[in-house]
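J.: Give me a 3D structure for the following:
(one chain, ligands or ions: 2)
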Amino acid sequence: MNAPRHYLQFNDFSRDEYDYLFSRTRWIKERFKRYEPHHPLFDRTLVMIFEKASTRTRLSFEAGMQQLGGSAIYLNTRDSQLGRGEPVEDAAQVISRMSDIVMIRTFEQSIIERFAEYSRVPVINGLTNEYHPCQILADIYTFIEHRGSIKGKTVAWVGDSNNVCNTWLQAAEVLGFHVHVSTPPGYEVEPERAGLYGTDHFAHFDDPMEACRGADLVTTDVWTSMGFEAENEERMRDFADWQVDEDMMKVANPGALFMHCLPAHRGEEVSAEVIDGPQSVVWDEAENRLHVQKALMEYLLIGKIEGDCA
Ligand code: CP
Ligand code: NVA
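T.: Numbers count the residues shown, from 1 in each chain. Ligands and ions are numbered 1, 2, ... in the order given. Prediction:
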């Protein structure tokens, strides 16, 4: 049996593969908007395992699989044996014998890596403490829809150097753009944890205004990610000066976009004026999770498709 292809972090795919996925996403999205059925995954089953909460990821994977002609099963730690100490390796052997593709949202990246090693079917990272590749796939597709290629552009990341930030940094290496990161002291990017090959594609700025200056896209995320709730009070104090506001958007390039993976906290990491303002594309960004993940699942299960396959 051939080893399945997984999508565990952004740099699992090459630039050529992303070019294909972005053009395929466009095709899939346009068809969907015309209410034309597209069922390449008829009879296939997606298992979704959630060890953390979700709205968008669950909805977009479940709806996406149904729209591709397959079905999706939701498992969470609370009501499955996963929460009662069944080894990940055993769960992977069993779950992958009963399904065609698996999506997992969990804590450490090592958990999903162990699962993938023992899985007979492709495994997709639906968010770990370290990475959130499906999110950045959607974000970059959204950027392309609004502004064209992201190659050579500058993305400003303001806030925590978390899973979403790490994935932006990997994407910059794969797709050839720059990320200007501003975090409070003590929360800086750790290149090794981010899975970077080098440091050429990102620069650190102590001052968030300087990170935003001249940026084509300004983006942020919650100050306290899932799994880090015990640090919440301390983080509220430490991040107080790292709120994306209108002054930061003003020093970015004219036409700069604002993105946030959501859920957002207005008045914390972003002001209401920015997230609800004219430069914000957060709803397109959320919707595009559906379309990019359909292209991703199709690619992992069938490979490249030239033209129609309905
Ligand atoms: N952005 C994102 O992954 O949202 P959920 O946590 O709602 O899935
Ligand atoms: N960084 C956030 C993203 C949520 C989609 C978290 O991990 O909680």
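
J.: Can you report how many residues neighbour Arg5?
T.: 16 (other Cβ atoms under 10 Å). C-betas here are computed from N, CA, C, even on glycine.

J.: Surely it touches Leu300?
T.: Yes: between Arg5 and Leu300 there is a contact under Cβ atoms under 8 Å: 5.7 Å.

J.: residues in contact with Phe258?
T.: Counting by Cβ atoms under 8 Å, 6 or more residues apart in numbering, Phe258 touches 217-219, 244, 249, 270, 274-275, 277, 279-282.

J.: So which of the residues you listed is the closest to ligand 1?
T.: Nearest to ligand 1 among the contacts of Phe258: Val282, at 9.9 Å, using Cβ to the nearest ligand atom.

J.: Can you name the residues that contact the closest one?
T.: 258-260, 262, 264, 275.

J.: Which ones among the residues you listed also lie next to ligand 1?
T.: With Cβ under 6 Å from any ligand atom as the criterion, the contacts of Val282 include Leu262 near ligand 1.

J.: Now, the contacts of Val282 that are in strands?
T.: 258-260 (DSSP state E).

J.: What is the nearest of those residues to Ser149?
T.: Nearest to Ser149 among these: Met259, at 16.5 Å, using Cβ to Cβ.

J.: Can you classify the nearest residue to that closest one once chain neighbours are set aside by secondary structure?
T.: Spatial nearest neighbour of Met259, chain neighbours left out: Thr219 (4.3 Å); criterion: Cβ to Cβ, 6 or more residues apart in numbering. Here Thr219 is strand, with the state taken from DSSP: H, G, I helix; E, B strand; the rest coil.

J.: Give the residues shared as contacts by Arg5 and Leu300.
T.: Shared contacts of Arg5 and Leu300 (Cβ under 8 Å, 6+ apart): Pro122.
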